[in-house]
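In: sequence first, then the predicted structure, then my questions.
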Amino acid sequence: FYWGLENKLQFNPSKSQAMLITRRRKVEVNTSLQMHGHDIELVNSLNYLGVVLDKKLTFRPHFEHLASKSSKFLRGLSLASRPTWGLNSEILKIIYHGAIKPLLLYCASAYEHVLNKKYAQKKLSQVQRGFALLICKGYRTLSTDAALVIAGIPPLYLSGLYSAGVSDIKRKRKNNFQNCTFDCDYTMPFLAAGHPAVQYDDLYIKYCDNVHTYNIYTDGSRFTEGNEVQVGCAYVVYCKNSEVFFKLFKLSPRSTVFQAELYAIKEAVQWCLERKHSARIFSDSQAALQSIADKYNLNSTSVQIRNNIKEHTAHVCLGWIRGHQGNVGNERADQLAKSAASSGLQYSFNKCPISYVKREILNYIFNSWNDLWTRSENGALTKDLFFPTIHSRLITKHFTPNFILTQFMSGHGKFGTYFRRFNVNTDYNYHCKCQESTQSVKHILFDCPIFSRQRLWLNLLLSDCDYSYSRLFGKIFQNQCYYKQFMQFITNIHKHV
(Lines give C-alpha, C1' and ligand atoms only; values in the text may rest on other atoms or scores of the structure.)
Protein backbone atom coordinates (compact mmCIF):
# COMPACT_ATOMS: atom_id res chain seq x y z
CA PHE A 1 0.00 0.00 0.00
CA TYR A 2 2.72 2.44 1.00
CA TRP A 3 4.82 1.45 -1.99
CA GLY A 4 1.83 2.39 -4.14
CA LEU A 5 1.59 5.79 -2.49
CA GLU A 6 5.27 6.43 -3.10
CA ASN A 7 4.83 5.57 -6.78
CA LYS A 8 1.46 7.36 -7.13
CA LEU A 9 -0.56 4.15 -7.40
CA GLN A 10 -3.71 3.34 -5.46
CA PHE A 11 -4.78 -0.21 -4.61
CA ASN A 12 -8.34 -1.14 -3.70
CA PRO A 13 -8.22 -3.56 -0.72
CA SER A 14 -11.72 -4.87 -1.47
CA LYS A 15 -10.59 -6.02 -4.92
CA SER A 16 -7.33 -7.56 -3.73
CA GLN A 17 -6.89 -11.25 -2.95
CA ALA A 18 -4.08 -13.38 -1.54
CA MET A 19 -3.27 -17.05 -2.08
CA LEU A 20 -0.74 -19.27 -0.34
CA ILE A 21 0.96 -21.54 -2.90
CA THR A 22 2.15 -24.83 -1.38
CA ARG A 23 2.04 -28.54 -2.14
CA ARG A 24 1.46 -29.54 1.47
CA ARG A 25 -1.79 -31.35 2.14
CA LYS A 26 -2.62 -29.60 5.39
CA VAL A 27 -1.62 -26.01 5.92
CA GLU A 28 -2.92 -23.85 8.75
CA VAL A 29 -2.81 -20.14 8.10
CA ASN A 30 -3.04 -18.34 11.43
CA THR A 31 -2.05 -14.91 10.19
CA SER A 32 -4.18 -12.37 8.36
CA LEU A 33 -3.04 -9.94 5.69
CA GLN A 34 -4.15 -6.34 5.81
CA MET A 35 -3.86 -3.34 3.54
CA HIS A 36 -4.36 0.04 5.13
CA GLY A 37 -6.46 -1.50 7.91
CA HIS A 38 -8.56 -3.68 5.58
CA ASP A 39 -8.33 -7.49 5.58
CA ILE A 40 -7.17 -9.18 2.37
CA GLU A 41 -9.25 -12.20 1.40
CA LEU A 42 -7.37 -15.52 1.31
CA VAL A 43 -8.54 -17.72 -1.58
CA ASN A 44 -7.71 -21.17 -2.94
CA SER A 45 -7.67 -20.04 -6.59
CA LEU A 46 -7.58 -16.78 -8.49
CA ASN A 47 -7.66 -15.54 -12.06
CA TYR A 48 -4.43 -13.87 -13.11
CA LEU A 49 -4.22 -12.49 -16.66
CA GLY A 50 -6.64 -15.08 -17.99
CA VAL A 51 -5.08 -18.09 -16.23
CA VAL A 52 -6.78 -19.58 -13.16
CA LEU A 53 -4.11 -20.41 -10.57
CA ASP A 54 -4.75 -22.71 -7.62
CA LYS A 55 -2.75 -23.07 -4.43
CA LYS A 56 -1.10 -26.36 -5.54
CA LEU A 57 -0.59 -25.31 -9.18
CA THR A 58 -2.49 -28.33 -10.49
CA PHE A 59 -4.46 -26.06 -12.86
CA ARG A 60 -7.62 -28.11 -12.37
CA PRO A 61 -9.71 -24.91 -11.92
CA HIS A 62 -8.17 -23.57 -15.13
CA PHE A 63 -9.26 -26.63 -17.10
CA GLU A 64 -12.76 -26.28 -15.68
CA HIS A 65 -12.69 -22.64 -16.76
CA LEU A 66 -11.67 -23.73 -20.29
CA ALA A 67 -14.53 -26.24 -20.39
CA SER A 68 -17.15 -23.63 -19.51
CA LYS A 69 -15.66 -21.11 -21.94
CA SER A 70 -15.45 -23.58 -24.83
CA SER A 71 -19.06 -24.73 -24.35
CA LYS A 72 -20.25 -21.23 -25.27
CA PHE A 73 -18.30 -21.25 -28.51
CA LEU A 74 -19.46 -24.77 -29.28
CA ARG A 75 -23.11 -23.78 -28.92
CA GLY A 76 -22.56 -20.82 -31.22
CA LEU A 77 -20.91 -22.94 -33.91
CA SER A 78 -23.59 -25.62 -33.57
CA LEU A 79 -26.23 -23.09 -34.53
CA ALA A 80 -24.35 -22.33 -37.77
CA SER A 81 -23.39 -25.88 -38.66
CA ARG A 82 -25.51 -29.00 -38.69
CA PRO A 83 -24.71 -32.43 -40.16
CA THR A 84 -26.46 -31.78 -43.49
CA TRP A 85 -26.35 -27.98 -43.83
CA GLY A 86 -24.47 -24.90 -42.68
CA LEU A 87 -20.72 -24.44 -42.41
CA ASN A 88 -18.75 -27.26 -43.98
CA SER A 89 -15.85 -29.10 -42.38
CA GLU A 90 -13.14 -27.02 -44.04
CA ILE A 91 -14.53 -23.74 -42.68
CA LEU A 92 -15.06 -25.25 -39.24
CA LYS A 93 -11.49 -26.48 -39.21
CA ILE A 94 -10.19 -23.02 -40.09
CA ILE A 95 -12.27 -21.52 -37.27
CA TYR A 96 -10.99 -24.15 -34.86
CA HIS A 97 -7.30 -23.62 -35.70
CA GLY A 98 -7.57 -19.84 -35.99
CA ALA A 99 -9.82 -18.96 -33.05
CA ILE A 100 -10.76 -21.87 -30.79
CA LYS A 101 -7.41 -23.62 -30.31
CA PRO A 102 -5.39 -20.45 -29.56
CA LEU A 103 -8.02 -19.48 -27.01
CA LEU A 104 -7.93 -22.87 -25.30
CA LEU A 105 -4.13 -23.07 -25.32
CA TYR A 106 -3.54 -19.51 -24.17
CA CYS A 107 -0.44 -19.41 -21.94
CA ALA A 108 0.17 -23.14 -22.34
CA SER A 109 3.76 -22.64 -21.14
CA ALA A 110 2.43 -21.95 -17.64
CA TYR A 111 0.82 -25.37 -17.26
CA GLU A 112 3.09 -27.40 -19.55
CA HIS A 113 4.26 -29.52 -16.60
CA VAL A 114 0.73 -30.93 -16.01
CA LEU A 115 -0.15 -31.72 -19.64
CA ASN A 116 1.22 -35.25 -19.25
CA LYS A 117 -1.08 -35.90 -16.28
CA LYS A 118 -4.10 -38.09 -16.98
CA TYR A 119 -6.61 -35.69 -15.42
CA ALA A 120 -5.38 -32.87 -17.68
CA GLN A 121 -5.52 -35.03 -20.80
CA LYS A 122 -8.99 -36.30 -19.92
CA LYS A 123 -10.38 -32.83 -19.33
CA LEU A 124 -8.85 -31.37 -22.49
CA SER A 125 -10.18 -34.35 -24.45
CA GLN A 126 -13.68 -33.61 -23.17
CA VAL A 127 -13.28 -29.98 -24.21
CA GLN A 128 -12.06 -30.92 -27.70
CA ARG A 129 -14.56 -33.71 -28.35
CA GLY A 130 -17.47 -31.44 -29.28
CA PHE A 131 -15.42 -29.52 -31.85
CA ALA A 132 -14.07 -32.75 -33.39
CA LEU A 133 -17.60 -34.15 -33.82
CA LEU A 134 -18.72 -30.86 -35.32
CA ILE A 135 -15.88 -30.85 -37.86
CA CYS A 136 -16.24 -34.48 -38.94
CA LYS A 137 -20.08 -34.28 -38.94
CA GLY A 138 -20.24 -37.48 -36.89
CA TYR A 139 -22.79 -39.04 -34.55
CA ARG A 140 -22.41 -38.19 -30.87
CA THR A 141 -21.71 -41.88 -30.17
CA LEU A 142 -18.52 -41.70 -32.21
CA SER A 143 -15.37 -42.17 -30.11
CA THR A 144 -13.11 -39.20 -29.51
CA ASP A 145 -10.07 -41.00 -30.96
CA ALA A 146 -11.82 -41.73 -34.26
CA ALA A 147 -13.40 -38.26 -34.42
CA LEU A 148 -9.98 -36.60 -34.06
CA VAL A 149 -8.45 -38.75 -36.81
CA ILE A 150 -11.33 -38.20 -39.24
CA ALA A 151 -11.35 -34.46 -38.48
CA GLY A 152 -7.55 -34.33 -38.81
CA ILE A 153 -6.83 -32.44 -35.58
CA PRO A 154 -4.29 -33.68 -32.98
CA PRO A 155 -5.31 -34.16 -29.34
CA LEU A 156 -5.45 -30.84 -27.53
CA TYR A 157 -2.87 -31.71 -24.91
CA LEU A 158 -0.34 -32.56 -27.65
CA SER A 159 -1.06 -29.22 -29.32
CA GLY A 160 -0.45 -27.62 -25.93
CA LEU A 161 2.94 -29.33 -25.67
CA TYR A 162 3.80 -28.03 -29.14
CA SER A 163 2.80 -24.44 -28.34
CA ALA A 164 4.61 -24.48 -25.01
CA GLY A 165 7.76 -26.08 -26.45
CA VAL A 166 8.07 -23.64 -29.34
CA SER A 167 7.31 -20.65 -27.11
CA ASP A 168 9.91 -21.65 -24.50
CA ILE A 169 12.65 -22.15 -27.07
CA LYS A 170 11.86 -18.95 -29.00
CA ARG A 171 12.01 -16.94 -25.77
CA LYS A 172 15.20 -18.69 -24.61
CA ARG A 173 13.57 -20.09 -21.49
CA LYS A 174 15.06 -23.47 -22.42
CA ASN A 175 16.95 -25.04 -25.31
CA ASN A 176 15.59 -28.59 -25.24
CA PHE A 177 12.37 -30.51 -25.81
CA GLN A 178 11.82 -34.17 -24.93
CA ASN A 179 15.57 -34.92 -24.70
CA CYS A 180 16.31 -33.03 -27.95
CA THR A 181 18.69 -30.09 -27.56
CA PHE A 182 18.57 -27.20 -30.02
CA ASP A 183 21.30 -24.64 -30.69
CA CYS A 184 19.12 -22.00 -32.31
CA ASP A 185 20.00 -19.11 -34.56
CA TYR A 186 18.27 -16.44 -32.45
CA THR A 187 17.53 -12.93 -33.62
CA MET A 188 19.49 -10.07 -32.12
CA PRO A 189 18.01 -7.59 -29.60
CA PHE A 190 16.16 -4.62 -31.04
CA LEU A 191 18.95 -2.22 -30.04
CA ALA A 192 21.22 -4.05 -32.50
CA ALA A 193 19.32 -2.25 -35.27
CA GLY A 194 21.27 0.85 -34.35
CA HIS A 195 20.22 4.47 -34.32
CA PRO A 196 17.17 5.29 -36.49
CA ALA A 197 19.19 7.91 -38.35
CA VAL A 198 21.69 5.31 -39.57
CA GLN A 199 20.55 3.92 -42.92
CA TYR A 200 21.88 1.09 -45.06
CA ASP A 201 20.47 2.09 -48.44
CA ASP A 202 23.91 2.00 -50.05
CA LEU A 203 24.53 -1.68 -49.21
CA TYR A 204 22.23 -3.32 -51.75
CA ILE A 205 22.07 -1.24 -54.95
CA LYS A 206 21.43 -2.20 -58.55
CA TYR A 207 24.18 -0.06 -60.09
CA CYS A 208 27.34 1.18 -58.39
CA ASP A 209 29.62 3.85 -59.93
CA ASN A 210 32.56 3.11 -57.61
CA VAL A 211 35.63 1.28 -58.80
CA HIS A 212 35.87 -2.21 -57.32
CA THR A 213 39.13 -4.08 -57.02
CA TYR A 214 37.36 -7.45 -56.73
CA ASN A 215 34.10 -9.02 -57.82
CA ILE A 216 33.04 -11.74 -55.40
CA TYR A 217 30.34 -14.31 -56.16
CA THR A 218 28.62 -16.25 -53.36
CA ASP A 219 26.17 -19.12 -53.33
CA GLY A 220 24.60 -21.66 -50.98
CA SER A 221 23.37 -25.17 -51.69
CA ARG A 222 21.14 -27.67 -49.91
CA PHE A 223 20.14 -31.06 -51.27
CA THR A 224 19.43 -34.62 -50.16
CA GLU A 225 22.00 -37.27 -50.96
CA GLY A 226 20.67 -40.70 -50.12
CA ASN A 227 18.99 -40.25 -46.75
CA GLU A 228 21.24 -37.41 -45.61
CA VAL A 229 20.76 -33.68 -46.07
CA GLN A 230 23.84 -31.83 -47.29
CA VAL A 231 24.29 -28.08 -46.84
CA GLY A 232 27.21 -25.96 -47.95
CA CYS A 233 28.22 -22.57 -49.29
CA ALA A 234 31.18 -20.92 -50.98
CA TYR A 235 32.52 -17.70 -52.40
CA VAL A 236 34.88 -17.11 -55.30
CA VAL A 237 36.94 -13.94 -55.88
CA TYR A 238 37.63 -12.50 -59.33
CA CYS A 239 40.06 -9.74 -60.23
CA LYS A 240 39.95 -8.47 -63.81
CA ASN A 241 37.93 -11.52 -64.90
CA SER A 242 40.49 -13.92 -63.42
CA GLU A 243 39.80 -16.19 -60.47
CA VAL A 244 42.21 -15.41 -57.62
CA PHE A 245 40.70 -17.11 -54.57
CA PHE A 246 37.82 -19.27 -53.35
CA LYS A 247 36.76 -20.87 -50.09
CA LEU A 248 34.30 -23.62 -49.15
CA PHE A 249 32.17 -24.00 -46.02
CA LYS A 250 30.05 -26.91 -44.84
CA LEU A 251 26.99 -26.26 -42.68
CA SER A 252 24.94 -28.44 -40.37
CA PRO A 253 22.18 -30.50 -42.05
CA ARG A 254 19.70 -28.57 -39.93
CA SER A 255 20.61 -25.31 -41.66
CA THR A 256 18.51 -23.82 -44.43
CA VAL A 257 19.68 -22.59 -47.82
CA PHE A 258 18.87 -19.05 -46.64
CA GLN A 259 21.38 -19.44 -43.80
CA ALA A 260 23.91 -20.83 -46.25
CA GLU A 261 23.51 -17.83 -48.57
CA LEU A 262 23.93 -15.39 -45.68
CA TYR A 263 26.95 -17.22 -44.28
CA ALA A 264 28.71 -17.12 -47.66
CA ILE A 265 28.14 -13.35 -47.89
CA LYS A 266 29.40 -12.88 -44.31
CA GLU A 267 32.62 -14.78 -45.05
CA ALA A 268 33.12 -12.81 -48.28
CA VAL A 269 32.78 -9.54 -46.36
CA GLN A 270 35.25 -10.85 -43.78
CA TRP A 271 37.74 -11.60 -46.56
CA CYS A 272 37.46 -7.98 -47.74
CA LEU A 273 37.95 -6.68 -44.19
CA GLU A 274 41.19 -8.59 -43.76
CA ARG A 275 42.65 -7.24 -47.02
CA LYS A 276 41.08 -3.75 -46.92
CA HIS A 277 40.11 -3.80 -50.59
CA SER A 278 37.00 -2.49 -52.28
CA ALA A 279 34.71 -5.15 -53.67
CA ARG A 280 31.26 -5.83 -55.03
CA ILE A 281 29.68 -9.00 -53.69
CA PHE A 282 27.11 -10.74 -55.88
CA SER A 283 24.46 -13.22 -54.74
CA ASP A 284 21.52 -14.85 -56.54
CA SER A 285 19.39 -14.79 -53.35
CA GLN A 286 17.22 -11.70 -53.16
CA ALA A 287 15.88 -12.82 -49.77
CA ALA A 288 19.38 -12.77 -48.28
CA LEU A 289 20.25 -9.40 -49.83
CA GLN A 290 17.01 -7.77 -48.70
CA SER A 291 17.43 -9.05 -45.14
CA ILE A 292 20.88 -7.42 -45.04
CA ALA A 293 19.63 -4.12 -46.48
CA ASP A 294 16.72 -3.96 -44.02
CA LYS A 295 18.16 -2.46 -40.83
CA TYR A 296 15.18 -3.72 -38.81
CA ASN A 297 15.79 -7.31 -39.85
CA LEU A 298 17.49 -8.66 -36.73
CA ASN A 299 18.78 -11.94 -38.11
CA SER A 300 22.11 -12.46 -36.35
CA THR A 301 24.10 -13.08 -39.54
CA SER A 302 22.50 -10.11 -41.32
CA VAL A 303 23.36 -7.83 -38.39
CA GLN A 304 26.99 -9.02 -38.43
CA ILE A 305 27.25 -8.36 -42.17
CA ARG A 306 25.87 -4.82 -41.82
CA ASN A 307 28.22 -4.02 -38.94
CA ASN A 308 31.26 -5.43 -40.74
CA ILE A 309 30.55 -3.47 -43.91
CA LYS A 310 30.11 -0.22 -41.95
CA GLU A 311 33.38 -0.81 -40.12
CA HIS A 312 35.23 -1.47 -43.38
CA THR A 313 37.29 1.49 -44.53
CA ALA A 314 37.14 0.56 -48.22
CA HIS A 315 33.95 0.48 -50.26
CA VAL A 316 31.97 -2.78 -50.22
CA CYS A 317 28.49 -3.13 -51.74
CA LEU A 318 26.09 -5.94 -52.55
CA GLY A 319 24.44 -6.80 -55.84
CA TRP A 320 21.96 -9.32 -57.17
CA ILE A 321 22.60 -11.55 -60.15
CA ARG A 322 20.10 -13.93 -61.71
CA GLY A 323 21.09 -17.52 -61.05
CA HIS A 324 21.76 -20.17 -63.69
CA GLN A 325 21.95 -17.70 -66.56
CA GLY A 326 25.44 -18.54 -67.75
CA ASN A 327 27.37 -16.01 -65.63
CA VAL A 328 30.83 -17.49 -65.10
CA GLY A 329 31.24 -16.28 -61.52
CA ASN A 330 27.78 -17.36 -60.40
CA GLU A 331 28.10 -20.79 -62.02
CA ARG A 332 31.50 -21.27 -60.41
CA ALA A 333 30.13 -20.31 -56.97
CA ASP A 334 27.22 -22.70 -57.45
CA GLN A 335 29.62 -25.54 -58.32
CA LEU A 336 31.80 -24.80 -55.28
CA ALA A 337 28.77 -24.64 -52.96
CA LYS A 338 27.62 -28.09 -54.08
CA SER A 339 31.15 -29.43 -53.62
CA ALA A 340 31.25 -27.97 -50.11
CA ALA A 341 27.92 -29.55 -49.21
CA SER A 342 29.06 -33.06 -50.20
CA SER A 343 32.58 -32.66 -48.79
CA GLY A 344 33.90 -33.98 -45.47
CA LEU A 345 34.72 -30.54 -44.06
CA GLN A 346 34.02 -29.64 -40.46
CA TYR A 347 30.84 -27.68 -39.82
CA SER A 348 31.50 -23.95 -40.00
CA PHE A 349 27.94 -23.12 -38.92
CA ASN A 350 25.95 -25.36 -36.60
CA LYS A 351 22.94 -23.29 -35.56
CA CYS A 352 19.44 -24.35 -36.51
CA PRO A 353 16.56 -22.01 -37.43
CA ILE A 354 13.33 -21.82 -35.47
CA SER A 355 11.57 -23.50 -38.40
CA TYR A 356 13.67 -26.61 -37.76
CA VAL A 357 12.67 -26.56 -34.08
CA LYS A 358 8.99 -26.32 -35.03
CA ARG A 359 9.34 -29.18 -37.50
CA GLU A 360 11.06 -31.46 -34.98
CA ILE A 361 8.54 -30.76 -32.24
CA LEU A 362 5.70 -31.27 -34.72
CA ASN A 363 7.17 -34.64 -35.71
CA TYR A 364 7.22 -35.62 -32.04
CA ILE A 365 3.57 -34.57 -31.69
CA PHE A 366 2.51 -36.61 -34.73
CA ASN A 367 4.50 -39.65 -33.57
CA SER A 368 2.90 -39.44 -30.13
CA TRP A 369 -0.52 -39.12 -31.74
CA ASN A 370 0.23 -42.14 -33.91
CA ASP A 371 1.18 -44.18 -30.83
CA LEU A 372 -2.11 -43.23 -29.18
CA TRP A 373 -4.05 -44.17 -32.32
CA THR A 374 -2.39 -47.54 -32.84
CA ARG A 375 -2.87 -48.50 -29.17
CA SER A 376 -6.45 -47.27 -29.03
CA GLU A 377 -9.23 -49.86 -28.84
CA ASN A 378 -11.69 -47.42 -30.40
CA GLY A 379 -12.25 -46.64 -34.05
CA ALA A 380 -11.54 -50.19 -35.28
CA LEU A 381 -13.36 -49.71 -38.60
CA THR A 382 -11.64 -46.39 -39.30
CA LYS A 383 -8.29 -47.96 -38.52
CA ASP A 384 -8.81 -51.15 -40.54
CA LEU A 385 -10.21 -49.71 -43.77
CA PHE A 386 -9.14 -46.09 -44.01
CA PHE A 387 -6.39 -44.71 -41.75
CA PRO A 388 -4.22 -47.34 -40.03
CA THR A 389 -1.68 -44.65 -39.11
CA ILE A 390 -1.76 -40.93 -38.54
CA HIS A 391 0.61 -40.42 -41.46
CA SER A 392 -1.92 -42.01 -43.81
CA ARG A 393 -4.44 -39.40 -42.63
CA LEU A 394 -2.12 -36.41 -42.88
CA ILE A 395 -1.15 -37.06 -46.51
CA THR A 396 -4.79 -37.04 -47.68
CA LYS A 397 -4.91 -33.40 -48.69
CA HIS A 398 -8.13 -33.72 -50.71
CA PHE A 399 -10.11 -35.47 -47.99
CA THR A 400 -12.97 -33.49 -46.43
CA PRO A 401 -15.30 -35.32 -44.04
CA ASN A 402 -19.06 -34.96 -44.39
CA PHE A 403 -22.15 -36.51 -42.85
CA ILE A 404 -22.35 -39.49 -45.24
CA LEU A 405 -18.63 -40.25 -45.50
CA THR A 406 -18.15 -40.17 -41.72
CA GLN A 407 -20.90 -42.75 -41.29
CA PHE A 408 -19.09 -45.19 -43.59
CA MET A 409 -15.69 -44.45 -42.06
CA SER A 410 -16.81 -44.91 -38.47
CA GLY A 411 -19.68 -47.39 -38.73
CA HIS A 412 -21.83 -44.98 -36.74
CA GLY A 413 -24.76 -44.42 -39.07
CA LYS A 414 -27.94 -45.97 -40.38
CA PHE A 415 -26.61 -49.52 -40.39
CA GLY A 416 -28.07 -52.62 -38.79
CA THR A 417 -24.97 -53.29 -36.71
CA TYR A 418 -25.12 -49.76 -35.30
CA PHE A 419 -28.80 -50.05 -34.37
CA ARG A 420 -28.21 -53.38 -32.66
CA ARG A 421 -25.11 -52.18 -30.79
CA PHE A 422 -26.81 -49.15 -29.28
CA ASN A 423 -30.24 -50.81 -28.97
CA VAL A 424 -31.86 -48.33 -31.33
CA ASN A 425 -35.24 -49.20 -32.95
CA THR A 426 -35.61 -52.70 -31.54
CA ASP A 427 -38.33 -53.52 -34.12
CA TYR A 428 -35.85 -52.92 -36.95
CA ASN A 429 -34.57 -55.91 -38.93
CA TYR A 430 -30.80 -55.76 -38.45
CA HIS A 431 -30.14 -57.96 -41.51
CA CYS A 432 -29.29 -56.52 -44.89
CA LYS A 433 -31.99 -56.38 -47.57
CA CYS A 434 -30.14 -59.12 -49.44
CA GLN A 435 -30.80 -61.39 -46.42
CA GLU A 436 -27.28 -62.81 -46.66
CA SER A 437 -25.67 -61.11 -43.66
CA THR A 438 -26.06 -58.48 -40.96
CA GLN A 439 -26.12 -54.99 -42.42
CA SER A 440 -22.59 -53.72 -41.67
CA VAL A 441 -20.31 -51.27 -43.45
CA LYS A 442 -17.93 -54.00 -44.66
CA HIS A 443 -20.81 -56.11 -45.98
CA ILE A 444 -22.31 -53.16 -47.86
CA LEU A 445 -19.00 -52.06 -49.37
CA PHE A 446 -17.55 -55.45 -50.28
CA ASP A 447 -20.12 -58.25 -50.39
CA CYS A 448 -23.72 -57.06 -50.74
CA PRO A 449 -25.04 -58.20 -54.17
CA ILE A 450 -27.54 -55.33 -54.23
CA PHE A 451 -24.69 -52.84 -54.84
CA SER A 452 -22.58 -55.00 -57.15
CA ARG A 453 -23.34 -52.74 -60.12
CA GLN A 454 -22.07 -49.62 -58.32
CA ARG A 455 -19.05 -51.59 -57.10
CA LEU A 456 -18.21 -52.70 -60.64
CA TRP A 457 -18.56 -49.12 -61.89
CA LEU A 458 -16.03 -47.86 -59.33
CA ASN A 459 -13.57 -50.65 -60.16
CA LEU A 460 -13.70 -49.67 -63.83
CA LEU A 461 -12.93 -46.07 -62.96
CA LEU A 462 -9.94 -47.10 -60.86
CA SER A 463 -8.63 -49.69 -63.33
CA ASP A 464 -6.25 -47.24 -65.04
CA CYS A 465 -4.18 -46.77 -61.89
CA ASP A 466 -2.64 -48.89 -59.19
CA TYR A 467 -5.68 -48.39 -56.95
CA SER A 468 -8.25 -51.06 -56.32
CA TYR A 469 -11.61 -50.97 -54.65
CA SER A 470 -10.70 -53.96 -52.52
CA ARG A 471 -7.59 -52.27 -51.15
CA LEU A 472 -7.22 -49.68 -48.43
CA PHE A 473 -9.61 -46.78 -49.06
CA GLY A 474 -7.17 -44.28 -47.55
CA LYS A 475 -5.03 -44.49 -50.72
CA ILE A 476 -7.95 -43.37 -52.85
CA PHE A 477 -8.14 -40.13 -50.81
CA GLN A 478 -4.64 -39.16 -51.97
CA ASN A 479 -5.96 -38.43 -55.46
CA GLN A 480 -8.60 -35.74 -55.89
CA CYS A 481 -10.19 -37.33 -58.96
CA TYR A 482 -10.52 -40.79 -57.43
CA TYR A 483 -11.73 -39.30 -54.17
CA LYS A 484 -14.62 -37.63 -56.00
CA GLN A 485 -15.50 -40.92 -57.71
CA PHE A 486 -15.50 -42.74 -54.39
CA MET A 487 -17.74 -40.04 -52.88
CA GLN A 488 -20.26 -40.54 -55.69
CA PHE A 489 -20.12 -44.29 -55.05
CA ILE A 490 -20.92 -44.14 -51.32
CA THR A 491 -23.50 -41.38 -51.85
CA ASN A 492 -25.41 -43.62 -54.24
CA ILE A 493 -25.17 -46.52 -51.81
CA HIS A 494 -26.28 -44.41 -48.86
CA LYS A 495 -29.55 -43.54 -50.61
CA HIS A 496 -30.55 -47.19 -50.74
CA VAL A 497 -29.33 -48.33 -47.30
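Out: Okay, I see it. Residues are numbered from 1 along each chain as shown.

In: quick one, strands of the protein?
Out: 17-18, 34-35, 38-39, 41-42, 45-48, 51-54, 176-177, 180-181, 214-225, 228-239, 242-251, 279-283, 316-320, 347-349 (DSSP state E).

In: and the lowest-mean-pLDDT helix or strand in the chain, how far out from the chain middle?
Out: Ranked by mean pLDDT, DSSP states H and E, the helix or strand of the chain with the weakest confidence is helix 452-461, at a mean of 78. Averaging C-alpha positions (CA atoms, centre = their mean, to the nearest Å) puts helix 452-461 39 Å from its chain's average.

In: can you name the residues in contact with it?
Out: Identification of contacts with helix 452-461 by CB atoms under 8 Å, 6 or more residues apart in numbering yields L445, F446, S468, Y469, Y482, Q485, F486, F489, N492, I493. All C-beta atoms are positioned from the backbone trio N, CA, C, and that covers glycine.

In: now do the closest residue to the fifth one other than its chain neighbours against V43, distance only.
Out: If you skip the residues right next to it in sequence, Y482 has I476 as its closest partner in space, 4.8 Å away by CB to CB, 6 or more residues apart in numbering. Applying CB to CB, to the nearest Å, the value for I476 to V43 is 57 Å.

In: the more surrounded of the two?
Out: Counted by other CB atoms under 10 Å, I476 and V43 do not tie: I476 has more neighbours, with 26 against 13.

In: and stretch 19-30, what's buried?
Out: Judged by neighbour count (16 or more other CB atoms under 10 Å), stretch 19-30 contains no buried residues.

In: quick one: average pLDDT of that stretch?
Out: Averaging pLDDT along stretch 19-30 gives 80.

In: with stretch 68-87 instead?
Out: The average pLDDT within stretch 68-87 is 92.

In: so how far is that stretch from its chain's centroid?
Out: Per CA atoms, centre = their mean, the centroid offset for stretch 68-87 relative to its chain is 25 Å.

In: residues contacting that stretch, please?
Out: Under the criterion CB under 8 Å, 6+ apart, residues 88, 92, 95, 99-100, 103-104, 127, 130-131, 134, 137, 403 lie in contact with stretch 68-87.

In: among those residues, which pair sits farthest apart?
Out: L103 and F403 (26.8 Å; CB to CB).

In: who has more neighbours, the two?
Out: More neighbours surround F403 than the other of L103 and F403, with 17 against 13 (other CB under 10 Å).

In: isn't the more buried one up against C136?
Out: No: counting by CB atoms under 8 Å, C136 is not a contact partner of F403; they are 9.2 Å apart.

In: what is the neighbour count of C180?
Out: Neighbourhood size, C180 [other CB under 10 Å]: 13.

In: do I have it right that it meets E360?
Out: Yes: using CB under 8 Å, C180 is in contact with E360, at 6.2 Å.

In: hmm, back to that, go through the strands of the chain and pick out the most buried.
Out: Most buried of the strands of the chain, by mean neighbour count (mean count of other CB atoms under 10 Å): strand 279-283, with a mean of 25.

In: angle of that one against strand 316-320?
Out: 30 degrees (axes from the mean of the first three to the mean of the last three CA atoms, to 10 degrees).

In: returning to what we had before: for the strands of the chain, which one sits closest to L372?
Out: For those, the distance to L372 is smallest for strand 176-177, at 18.6 Å, taking CB to CB.

In: mind checking pLDDT for K276?
Out: K276 carries a pLDDT value of 86.

In: same question, Q478
Out: Value for Q478, per-residue pLDDT: 75.

In: mind starting the numbering at 4 from now?
Out: Sure, I'll start counting at 4 from here, so that last one is Q481.

In: that one contacts T399, doesn't it?
Out: Yes: with contact defined as CB under 8 Å, Q481 and T399 form a contacting pair (5.8 Å).

In: so those two - more neighbours on which side?
Out: More neighbours surround T399 than the other of Q481 and T399, with 18 against 15 (other CB under 10 Å).

In: in contact with the residue lying closest to the more buried one once chain neighbours are set aside: list those residues for me.
Out: Excluding the flanking residues, the one nearest T399 by CB to CB, 6+ apart is F480, at 3.9 Å. Counting by CB under 8 Å, 6+ apart, F480 touches F389, T399, H401, F402, Y486, F489.

In: same deal with S303?
Out: Contact analysis of S303 by CB under 8 Å, 6+ apart lists D188, Y189, T190, M191.
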